[in-house]
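Q: here's my sequence, what's the structure:
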Amino acid sequence: AIKIDDVSLMFVQNLAFADLTYTLMRVLPTTVTYITRKYMLGKLYCFVSAQFLFTPGAVNSYTVLAITLHRLRLLRPPYRSFSTTTAKRIVALIWVISSTGTIASLADGSSSDFSPIFVTCVSSIYNSDNETVLIVFKCVYVLFTFLPLFAVIIFSVILTVVAFKHSKT
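A: Predicted coordinates for the structure are as follows:
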């Protein structure tokens, strides 16, 4: 059996849950629609899947960042793991931050419609008449897509250097 600490396990479970959410909200409707050549899952499923479009991906990005920071923390003095309480708070914060795009979309009162071009349901926020909401939504999308990935790259380089120095001693 693989030995894994509680905090790492919590982060891996969070990744698994985000992947499951993505599969149910994105892969399932797209696959069913592609096979049947029409949307069959109803308006409620269309609305929910469109509104939560970016949440699972953002959760994955931020969770990978949390894992990277956790590993870096384990390699740097005082060599401590996050407590499980802190890890739970980090996971909750990741979901709240990752849901900001959904919150902006719902605050705009957006609806969801099936898009034959994308073979999935799409939020009307992309065509919002409210310029402020549209700008906030686009900024949130860019920040939540690139910020964690950029941070993962930086912290992974630091992690590599620290691990390399530890392997020399």
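Q: average pLDDT across the longest helix seen in the chain?
A: The longest helix of the chain (DSSP state H) is helix 131-168. Throughout helix 131-168, pLDDT has a mean value of 83.
Q: what comes up buried for that helix?
A: Buried residues in helix 131-168, counted by 16 or more other C-beta atoms under 10 Å: V133, L134, V136, F137, V140, Y141, F144, P148, A151, V152, F155, L159. (C-beta placed from N, C-alpha, C; glycine too.)
Q: contact partners for the spatially closest residue to F82 that is not a sequence neighbour?
A: In this structure, F82 finds its nearest non-sequential neighbour in V7, 5.0 Å apart by C-beta to C-beta, 6 or more residues apart in numbering. Each residue near V7 by C-beta atoms under 8 Å, 6 or more residues apart in numbering is listed here: H70, S81, F82, S83, T84, A87.
Q: how much space separates V7 from L69?
A: Going from V7 to L69 by C-beta to C-beta, to the nearest Å gives 11 Å.
Q: ditto for D129
A: Separation of D129 from L69 (C-beta to C-beta): 40 Å.
Q: between these two, which one's more packed in?
A: Legend: neighbour count by other C-beta atoms under 10 Å for D129 and L69, higher for L69 (17 against 8).
Q: which residues does that one contact?
A: L69 makes contact with F155 under the criterion C-beta under 8 Å, 6+ apart.
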